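The sequence and its predicted three-dimensional model are supplied below.
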Amino acid sequence: METTINIHSDVLEKITFAAKQQKTSRSKLIITLIKETMNDIPDPGQLGTLVKYQKRSNVDDWHIFHIQLRMDDYEYILDLRKLLKMSVSLILAYALKKYLNKIFNGNNTDNYRYCNYVIIKDKIDNIICWKFIWGYPPNIAQILPDTPTSIKF
């Protein structure tokens with residue numbers, strides 16, 4: 001899937017430099033950084049709060065970055081946006097500050113540790129429950145409802 005991210009110029013500059021140093025693409029580095037955030041999610045945002053964005057600045061300070069994503073990576077990013085109540089560009093800026101040194105120090109984790117994506121709909125006493133699963137659990141049959149309505153990637 002191809003989509004765009006609105007990235008602040010200073011964030012893009014750091015990503016470009018880091019990608020060259022790591023001999024990887026900027027897109028791959030962006031996904032790696034975001035997946036580091038997935039692994040270490042702080043408490044989800046509060047219900048009823050608005051999505052937070054990066055601070056406003058001059059329109060010339062922003063760059064529209066085209067990125068090619070796997071379908072499951074795209075879904076992970078959408079989930080993070082909802083859970084963290086942060087724009088994708090703010091999640092990326094957060095991840096860059098928090099995890100870039102970890103990646104440079106050789107502690108980079110496998111980019112594909114989250115692959116596959118499962119959404120399961122279940123009902124408990126007429127209450128609809130959705131499970132968003134990042135990855136494919138080995139015991140998935142045990143967590144599927146009796147009459148599953150699920151989407152798998």
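Looks like it arrived, so ask away.

Could you pull out the helices in this structure for me?
9-22, 26-39, 71-84, 88-104, 140-143 (DSSP state H).

Tell me which of those helices lies nearest to residue 60.
In terms of C-beta to C-beta, the element of the helices of the chain nearest to residue 60 is helix 9-22, at 8.0 Å. C-beta: built from backbone N, CA, C; applies to glycine.

So what's the residue count around residue 34?
Look at residue 34: counted by other C-beta atoms under 10 Å, it has 23 neighbours.

Over to residue 82?
13.

just to revisit the earlier point, and the helices of the chain, which one's lowest on average pLDDT?
Lowest mean pLDDT within the helices of the chain: helix 140-143, at a mean of 72.

how close does residue 137 get to residue 33?
Separation of residue 137 from residue 33 (C-beta to C-beta, to the nearest Å): 25 Å.

ok, those two, which is more surrounded?
Taking other C-beta under 10 Å, residue 137 and residue 33 do not tie; residue 33 has more neighbours (23 against 12).

for that one, what are its contacts?
Applying C-beta atoms under 8 Å, 6 or more residues apart in numbering, one finds that residue 33 lies in contact with 15, 92, 95, 96, 99, 100, 103.

got the contact list for the closest residue to the fifth one other than its chain neighbours?
In this case it means residue 99. Spatial nearest neighbour of residue 99, excluding adjacent residues (C-beta to C-beta, 6 or more residues apart in numbering): residue 36 at 4.1 Å. Listed by C-beta under 8 Å, 6+ apart, the contact set of residue 36 reads 95, 98, 99, 102, 103, 109.

Ok, residue 40 next?
Contacts of residue 40 (C-beta under 8 Å, 6+ apart): residue 98.
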